[in-house]
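S.K.: Got a sequence here, can you model it:
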Amino acid sequence: MAYRLFEGKDHASIYQKYRFTPPAGLKDIIIQYLDKKKGQPHELAVDLGCGTGQNSRLLAPHFKEVVGLDISECQVEEARTVPGYSNITYRKGTAEELPFSDGSVDLLTAASAAHWFDQSRFLAEATRVLKPRGCMALLGFSDSNTKPNYQNCGDRLKNIYEEVKQALKPYMSNPVAVAEGKLDPLYSAIPFPDKERIDCFRAKSLISVRHLVGFMQSWSMFQAYTLKDPKGAEELLSNTEKRFLQEMGVTSPDTEVELELDYYCILACKPH
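M.R.: From the prediction side, this is the model:
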């Protein structure tokens, strides 16, 4: 991996608190795809770039074993603190050197992570470790159409959200731009003839203003800005929260807004 932006303890803690779990409806589509292409039993799922384990935990009920792999020991440590998932193991590791034997994995997933991988090395490893008819599911969200809604001030809240993104644009790395493009180059490079994509899976959730601002704090471009100007970054967050509350006409950052996000997913099945 050429990019290592999520490794510190502070960032891992922010990730655990504020990153969204992918929508259950999209997870259902992935499991149905695996059912259709490979069939039961579903023994091993590997969640790459698992971060603090949101996607790994979503998969747990559907597999005998789930392994979450992340380059950051701090992220993996945060993931391990979540109780109640006896069939998940979290390990430090990379998508380019998978610690699994040939033809042993039923499902490889990556949620908001595949844009950081070395494309050719990852695809070679995916091809090696997947079982015949094993599947890949690479998902994420495109932030170009994110909408926070609250009563009648949704457009004004979206403007504030977009202004923050604009302010952070100089700190955006190339892989983030690839994620915004829904992993097009990676999709083209997948060597399996049996592949498809879901370009827009709209998901709505209720989150507090505090959580929405925390989500912005978890962005890699915000973290890059923090390294350069810690005081400026802190002020940007605090002003953004104030502006949201002001537009909404409320005082508590625990007030909830409805957030609409566009997810996408690449699905691919290894040939026999």
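S.K.: Residue 185 and residue 115: what is the separation?
M.R.: The gap separating residue 185 from residue 115 is 10 Å, by CB to CB, to the nearest Å. Just so you know, the C-beta spots here come from the backbone N, C-alpha and C atoms, and that holds for glycine as well.
S.K.: meant to ask about residue 55, not that
M.R.: 15 Å.
S.K.: and stretch 101-117, how far from the chain's centre?
M.R.: In this view, stretch 101-117 has its centroid 13 Å away from the chain centroid, taken as CA atoms, centre = their mean, to the nearest Å.
S.K.: element containing the residue lying closest to residue 251 once chain neighbours are set aside, please.
M.R.: Nearest residue to residue 251, sequence neighbours excluded (CB to CB, 6 or more residues apart in numbering): residue 245, at 6.3 Å. Taking DSSP states H and E as the criterion, residue 245 maps to helix 230-248.
S.K.: helices or strands up against the following helix or strand past that helix?
M.R.: Downstream of helix 230-248, the first helix or strand assigned by DSSP H and E is strand 256-269. The contact analysis (3 or more CB pairs under 8 Å, 6 or more residues apart in numbering; DSSP states H and E) places strand 256-269 against helix 24-37, strand 130-149, strand 194-208, helix 209-217.
S.K.: and strand 256-269, C-alpha only, in PDB?
M.R.: The C-alpha trace of strand 256-269 is given here as PDB (Å, rounded to 0.1, in the frame of the first residue of the first chain):
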ATOM      1  CA  GLU A 256     -30.600  14.200  14.500                       C
ATOM      2  CA  VAL A 257     -30.500  14.900  10.800                       C
ATOM      3  CA  GLU A 258     -31.400  12.400   8.100                       C
ATOM      4  CA  LEU A 259     -28.300  11.700   5.900                       C
ATOM      5  CA  GLU A 260     -28.700  10.300   2.400                       C
ATOM      6  CA  LEU A 261     -25.600   8.600   0.900                       C
ATOM      7  CA  ASP A 262     -25.000   7.000  -2.500                       C
ATOM      8  CA  TYR A 263     -23.200   3.600  -2.200                       C
ATOM      9  CA  TYR A 264     -21.800   1.600  -5.100                       C
ATOM     10  CA  CYS A 265     -20.600  -2.000  -5.300                       C
ATOM     11  CA  ILE A 266     -18.500  -4.000  -7.700                       C
ATOM     12  CA  LEU A 267     -19.300  -7.800  -7.700                       C
ATOM     13  CA  ALA A 268     -17.200 -10.400  -9.500                       C
ATOM     14  CA  CYS A 269     -17.000 -14.200  -9.500                       C
END
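S.K.: Now do that strand and helix 230-248, the angle between them.
M.R.: Angle, strand 256-269 to helix 230-248, by axes from the mean of the first three to the mean of the last three CA atoms, to 10 degrees: 110 degrees.
S.K.: ok so, going back, reformat the helices and strands packed on strand 256-269 into a markdown table and put mean pLDDT and mean neighbour count next to each item.
M.R.: Listed next are the helices and strands packed on strand 256-269 as a markdown table, based on pLDDT from 0 to 100; neighbours: other CB atoms under 10 Å:
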| stretch | mean pLDDT | mean neighbour count |
| --- | --- | --- |
| helix 24-37 | 96 | 16 |
| strand 130-149 | 92 | 20 |
| strand 194-208 | 93 | 13 |
| helix 209-217 | 90 | 20 |
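S.K.: Any idea which of those gets closest to residue 77?
M.R.: For residue 77, the closest of these is helix 209-217, at 19.3 Å, according to CB to CB.
S.K.: in terms of contact, does residue 146 touch residue 260 like I think?
M.R.: Yes: the criterion here is CB atoms under 8 Å, and residue 146 meets it with residue 260 at 6.8 Å.
S.K.: okay, residue 185 and residue 115: which has more neighbours?
M.R.: More crowded of residue 185 and residue 115, by other CB atoms under 10 Å: residue 115, with 24 against 10.
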